[in-house]
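Asker: what's the 3D shape of this:
(one chain, ligands or ions: 1)
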Amino acid sequence: MDAMRHEPKDATPVTCAHQASCASALPFQDTQDFRDVERGFVASLPEVEIKNAEGRIVWSLRDYAFLSAETGPATVNPSLWRQARLNMSNGLFQVTDRVYQVRGFDISNMTIIEGRRGIIVIDPLISTETARAALELYSSHRGKRPVTAVIYSHSHVDHYGGVRGVIDESEVRAGNVMIVAPDRFLEEVTSENVLAGAAMLRRAQFQFGATLSKGPRGQIDAGLGKVTSRGTVTLIPPTLVIKQPLETLVIDGIEILFQLTPDSEAKAEMQMYYPGLKALNLAENATHNLHNVYPIRGAQVRDSLAWARYINEARDRYAPKVDVLFAQHHWPVWGNARVLDFLAKQRDCYKYLHDQTVRMMSHGLKAAEIAEQLALPASLEREWSLRGYYGTLSHNVKSIYQRYLGWYDANPANLNPHPPRERSLRTVAYMGGAAAIMTRARKDFEGGDYRWVADVMSQVVHAEPENQEARQLAADAYEQLGYQAESATWRNAYLLGAFELRNGTPALKVRAPVSADVINALSLPLFFDYLGVRLNGAKAAGKRSVSNWIFPELGESYVLNLENSVLSYVAGKRAADADTTITLGRQALTEIVMRQLTLSQAVEQGAAVIEGEAMKLNELFDLLDEFQLMFPVIEANTQQRT
Ligand SMILES: [Zn+2]
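Answerer: Residues are numbered from 1 along each chain as shown. The predicted structure follows:
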């Protein structure tokens, strides 16, 4: 790759015209959100910049100073510019009596409720560093009070990762702090972050744009907040799990009605109503943007029908009695009439997308056709809180189709087409070669058909990844699409794509990071599932072994069987004919997986005892793949991975 960095370009006249038409189509005169986002402001830091123990910056708003301008340049969609400015609001805010939020210290909000004895912290952000800073900001203005409880509203990392920044685990063990979470919290944290974790981390770079430089030609926002913080991710397992659909608890003198909302914005999530405070917290199910029925980082598709129902139930049951509605992202909505109106529109947006997608699908339309044709009704379309800054109508519709019918559109031509590189090689040859395609593509670029140019040039890049001219033209098209996008996540994806086309995929040889706390929290069956997805099938061909895994402190034992290039296990058994038996503690297992300890070191240190053929276990570990954080996205992975 060229050693010189290729810089981003300016908006084209076509993009300028696109931005102007967006600006005239939306109600910019409605400035209620700008008043709400500052309402209750107590204080912030003079400069919101948070570092870790080594002095590395893990969170900073400094690089976003360019957003102080009321209107942005033509390289940013004006609607997204508006949202990016709203998300700059930062500091400690009073929501209502006893309820505070720290916003702008991470992508998510930390909510603090003042109880009788101390404070309840809802959602301790992503990183210990940002969570600690948020709590310090609160304490410096409201006094130092002990944390009596932590509530995780749901199973996404921006709602639990900073927990060790606000409490010490010894306080939890001593019974001084309770940790409350929705049903299946731990299972969902571990399954989402572990089995598919490596692929999602790299894909998340495209969604959040955390590695892009900030600026009007770079990352400006993530829709839900500025960006994800990059500090220390931790997890302390919950001590109290909400299991019933509706459950009431009094925590530190505060009455909380929990409403479980499984399979909504997260697999494990819950909304909360605080009757004594006349306040409703919808976690992440009703925020100031169209959310993701499917996030482009990749995930299982969420249930938009259930999502709408949960909002409706909360609206019906609790909203008539509240003065304020808030969530774990963005700013609150005050006033009963406004809360009811806001929730009705949120409900109807997710329900409309669901119902209309299924209706059109039942007429035989394919996902991409529905995404192209469907628009929100006029009564919802101009609502700022339903604009697609995070999710988009387009990719949400496609994922609703996918939830019901899967990836296949029923056209047999699409049953078994060639994979991207082989298909691109053939297409480019049929179209007369790369040069002929580019002559036409340049014309279409001039005409502003960036969508088609990106599509066709991606095929040329797949066919000829070393063709610099092709990469530059593809990058130019991605870039204009990014500039035009109202969605922050689409903008980030296009701009990171353009960056990697111009500068190459960074060849960082680092392992995809996993949090030791998360590995430690894995149930043993999930742990063995995790080993299974790391087994290299080709390398394991012809290998056979049976091993007993004994965990005396947990009273659990497993028989692990390797044959046919597959690892399978049976719980609660011990095989008499095992090649090897290993007896170890749960902590040692985590350390081995985290590569802090080798198997033989574990034995030397007495953390594990191996009987039988130790070689067989070493052989098994040698068959496990390591996953690198970085892999090619905008071009084919030509390395053999079988
Ligand atoms: Zn979140």
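
Asker: Could you count how many residues lie near F34?
Answerer: 14 (other Cβ atoms under 10 Å). (C-beta placed from N, C-alpha, C; glycine too.)

Asker: tell me, how many neighbours does the closest residue to it other than its chain neighbours end up with?
Answerer: Closest residue in space to F34, ignoring its immediate chain neighbours: L86 at 6.9 Å, by Cβ to Cβ, 6 or more residues apart in numbering. For L86, the neighbour count with other Cβ under 10 Å is 21.

Asker: in the chain, which ranges drop under the pLDDT threshold?
Answerer: Filtered on pLDDT under 70, the chain yields the residue ranges 1-5, 639-642.

Asker: Any idea which residue of it lies closest to the ion?
Answerer: Residue nearest to the ion within the chain (Cβ to the ion): D158, separated by 4.2 Å.

Asker: Now do the same contact list for that residue.
Answerer: D106, I107, S108, D123, L125, I126, T228 (Cβ atoms under 8 Å, 6 or more residues apart in numbering).

Asker: cool, R297 as well?
Answerer: Contact analysis of R297 by Cβ under 8 Å, 6+ apart lists M200, R203, A204, F206, Q207, F208.

Asker: Same check on H154?
Answerer: Residues in contact with H154 (Cβ under 8 Å, 6+ apart) are P182, F185, E265, A266, A268, E269, M270, A283, E284, Q328.

Asker: what helix or strand is M270 on?
Answerer: strand 270-274 (DSSP states H and E).

Asker: helix or strand right after that strand?
Answerer: Sequence-wise, the next helix or strand downstream of strand 270-274 (DSSP H and E) is strand 279-281.

Asker: Check which helices and strands that next one sits against.
Answerer: If contacts are counted by 3 or more Cβ pairs under 8 Å, 6 or more residues apart in numbering; DSSP states H and E, strand 279-281 sits against strand 270-274, strand 324-326.

Asker: strand partners of the strand holding M270, parallel vs antiparallel please.
Answerer: strand 254-260 (antiparallel), strand 279-281 (antiparallel) (DSSP bridges).

Asker: How about the contacts made by P295?
Answerer: Applying Cβ under 8 Å, 6+ apart, the residues near P295 are Q207, G391, T489.

Asker: Please name the nearest non-neighbouring residue to the second one.
Answerer: So the one you mean is G391. That would be N292: by Cβ to Cβ, 6+ apart, it lies 3.8 Å from G391.

Asker: isn't that neighbour right next to R302, touching?
Answerer: Yes: at 7.4 Å, N292 counts as touching R302 under the criterion of Cβ atoms under 8 Å.

Asker: Residues that sit against both of the two, list them.
Answerer: Joint contacts of N292 and R302 (Cβ under 8 Å, 6+ apart) are E265.

Asker: mind listing the helices for the stretch 51-200 of the chain?
Answerer: 78-86, 128-142, 169-173, 185-190, 197-208 (DSSP state H, counting those that start in this stretch).

Asker: can those go into JSON lines with extra columns for distance to the ion?
Answerer: Shown next, in JSON lines, are those (distance: least, Cβ to the ion, whole Å):
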{"stretch": "helix 78-86", "distance to the ion": "16"}
{"stretch": "helix 128-142", "distance to the ion": "13"}
{"stretch": "helix 169-173", "distance to the ion": "23"}
{"stretch": "helix 185-190", "distance to the ion": "13"}
{"stretch": "helix 197-208", "distance to the ion": "11"}
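
Asker: where exactly do the strands run in the stretch 101-250 of the chain?
Answerer: 110-114, 119-122, 147-151, 178-182, 240-242, 246-251 (DSSP state E, counting those that start in this stretch).

Asker: re earlier: looking at the contacts of D158, point me to the pair that's furthest apart.
Answerer: D123 and T228 (14.0 Å; Cβ to Cβ).

Asker: Tell me who's in contact with the closest residue to R103 other than its chain neighbours.
Answerer: Excluding its sequence neighbours, the residue lying closest to R103 (Cβ to Cβ, 6+ apart) is N109, at 5.1 Å. Contacts for N109 (Cβ under 8 Å, 6+ apart) come out as Q101, V102, R103, D123, F326, A327, Q328, H329, H330.

Asker: Can you name the residues bridging to W59?
Answerer: With DSSP bridges as the rule, W59 is bridged to I50.

Asker: so I236 sits right up against G162, yeah?
Answerer: No: I236 is beyond contact range of G162, at 10.8 Å (criterion: Cβ under 8 Å).

Asker: Give me the more crowded residue out of these two.
Answerer: Remark: of I236 and G162, G162 carries more neighbours, 33 against 21, as counted by other Cβ under 10 Å.

Asker: Test my guess that that one contacts P124.
Answerer: Yes: contact status for G162 versus P124: in contact at 4.2 Å, counting by Cβ under 8 Å.

Asker: Can you work out which residues contact both of these two?
Answerer: By Cβ under 8 Å, 6+ apart, the residues touching both G162 and P124 are A131.

Asker: Can you show me the strands along the stretch 401-550 of the chain?
Answerer: Under DSSP E, counting those that start in this stretch, the stretch 401-550 of the chain gives strands at 545-551.

Asker: Settle this for me: L257 is touching T248, isn't it.
Answerer: Yes: contact criterion Cβ under 8 Å: L257 and T248 qualify, at 5.1 Å.

Asker: more crowded one of these two?
Answerer: L257 (17 against 11).

Asker: So which residues on the stretch 151-300 of the chain come close to the ion?
Answerer: Within reach of the ion by Cβ under 5 Å from the ion, the stretch 151-300 of the chain has these residues: H156, D158, E284.

Asker: Just the closest of these to K51, please.
Answerer: Nearest member of these to K51, counting by Cβ to Cβ, is D158, at 19.2 Å.

Asker: related to what we said a few turns ago, tell me which of the helices of the stretch 51-200 of the chain sits nearest to L508.
Answerer: Nearest of these (Cβ to Cβ): helix 197-208, 10.5 Å.

Asker: Just the CA atoms of the closest one, as PDB, please.
Answerer: Written as PDB, here are the backbone C-alpha positions of helix 197-208 (Å, rounded to 0.1, in the frame of the first residue of the first chain):
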ATOM      1  CA  GLY A 197     -17.600 -11.800  19.700                       C
ATOM      2  CA  ALA A 198     -14.500 -11.700  17.500                       C
ATOM      3  CA  ALA A 199     -16.500 -11.000  14.300                       C
ATOM      4  CA  MET A 200     -18.600  -8.400  16.000                       C
ATOM      5  CA  LEU A 201     -15.700  -6.400  17.300                       C
ATOM      6  CA  ARG A 202     -14.200  -5.800  13.900                       C
ATOM      7  CA  ARG A 203     -17.600  -5.100  12.400                       C
ATOM      8  CA  ALA A 204     -18.400  -2.700  15.200                       C
ATOM      9  CA  GLN A 205     -15.500  -0.500  14.000                       C
ATOM     10  CA  PHE A 206     -17.600   0.200  11.000                       C
ATOM     11  CA  GLN A 207     -20.800   0.900  13.000                       C
ATOM     12  CA  PHE A 208     -19.300   3.300  15.600                       C
END
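
Asker: Thank you, goodbye.
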